[in-house]
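**Q** Give me coordinates for this.
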Amino acid sequence: MSNSRHLPAAPTTSRDLAAASGVAAHWHDENQIVYASRGVVAVHTEASRWIVPPHRALWIPSGTVHAHRAYGVTRLHFLGLTRNPLKLREPTALAVSPLLRELLIAYTELDDRETPAGKRMRAVLLDQLTTASERPVRVPAARDPRLVAVCAVLETDPSDTRGLEALGREAGASGRTLTRLFREDTGMTFPQWRTQLRLYHALRLLAEGQPVTAVAQRCGFATSSAFIDVFRRSLRHTPGSYR
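**A** Model (predicted):
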């Protein structure tokens with residue numbers, strides 16, 4: 001993301017993105033909340049990739065280079081914040097309650113936010129944000145070249161079910177070495193990272209209208225039931241609710 005643009009102010013606004021369109025890499029001097037009320041948006045930073053479905057919002061701290069890409073027709077809502085009421089220093093996915101959802105939509109679409117009503121809405125919105133729980137769906141980036149090679153194989157085909165020993169033979173590293181590298185580079189175990197990768201791809205495919213059965217197969221889950229179970233435990237919703 002070396003060619004990123006500097007946009008000092010983080011705007012508070014809403015906009016539509018066509019399927020497969022995006023916003024090029026950029027960064028702000030202010031903090032920002034990104035929320036998709038329709039569709040799914042992927043947010044890429046230098047350290048991780050995040051997927052933001054309609055039950056999640058993403059906190060992006062000031063100075064963080066990031067880019068957006070829409071999957072399915074997507075309605076985006078941006079909330080710029082000069083202060084850091086959440087006390088978060090890293091990008092963080094937040095759970096969006098029904099009330100927080102409506103507040104994000106209504107406030108970012110207001111014509112005049114400086115009215116007494118607009119200021120009261122902002123106060124309630126900030127109060128809801130500070131109590132939102134963290135619910136990540138992210139894929140941390142690898143740094144070690146051997147691990148980068150393994151991750152690239154799984155990115156190309158998330159349905160690949162091989163273990164680290166077999167994958168390591170292509171990358172010139174033992175399974176034990178790769179196990180260590182996953183913890184050091186990503187902060188996750190290999191099964192945790194692979195689950196996040198599969199959920200990332202699954203949300204993209206669901207947003208594009210793919211059937212649940214086909215998504216489960218393409219993302220490497222043994223059965224549709226296994227996919228639904230992992231999806232529900234991770235996101236608190238069924239895959240069908242995202243289609």
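**Q** Can you show me the strands along this structure?
**A** For the chain, applying DSSP state E gives strands covering 5-6, 13-17, 22-27, 31-45, 48-52, 56-60, 66-81, 92-95, 138-140.
**Q** Mean neighbour count and distance to residue 181 added to those, as TSV?
**A** Any C-beta I mention is one placed from the backbone N, CA and C, and that applies to glycine too. Below are those laid out as TSV (neighbours: other CB atoms under 10 Å; distance: least, CB to CB, whole Å):
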stretch	mean neighbour count	distance to residue 181
strand 5-6	10	33
strand 13-17	15	35
strand 22-27	16	26
strand 31-45	22	20
strand 48-52	22	16
strand 56-60	24	27
strand 66-81	20	25
strand 92-95	20	24
strand 138-140	23	12
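**Q** could those strands go into JSON lines alongside distance to residue 227?
**A** Formatted as JSON lines, the strands of the chain follow (distance: least, CB to CB, whole Å):
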{"stretch": "strand 5-6", "distance to residue 227": "38"}
{"stretch": "strand 13-17", "distance to residue 227": "27"}
{"stretch": "strand 22-27", "distance to residue 227": "27"}
{"stretch": "strand 31-45", "distance to residue 227": "17"}
{"stretch": "strand 48-52", "distance to residue 227": "16"}
{"stretch": "strand 56-60", "distance to residue 227": "19"}
{"stretch": "strand 66-81", "distance to residue 227": "18"}
{"stretch": "strand 92-95", "distance to residue 227": "20"}
{"stretch": "strand 138-140", "distance to residue 227": "17"}
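**Q** Report how many residues lie close to residue 184.
**A** Residue 184: 12 surrounding residues under other CB atoms under 10 Å.
**Q** swap that for residue 145, sorry
**A** Residue 145: 10 neighbours (other CB under 10 Å).
**Q** on that earlier part again, out of the strands of the chain, which gets nearest to residue 166?
**A** Nearest of the strands of the chain to residue 166, taken as CB to CB: strand 138-140 at 20.9 Å.
**Q** Show me how the protein divides into domains.
**A** Domain ranges of the chain: 5-136, 142-242, per automatic domain parsing.
**Q** Just send the ones you listed back as a markdown table, with mean pLDDT too.
**A** Shown next, in a markdown table, are these (pLDDT from 0 to 100):
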| stretch | mean pLDDT |
| --- | --- |
| domain 5-136 | 95 |
| domain 142-242 | 94 |
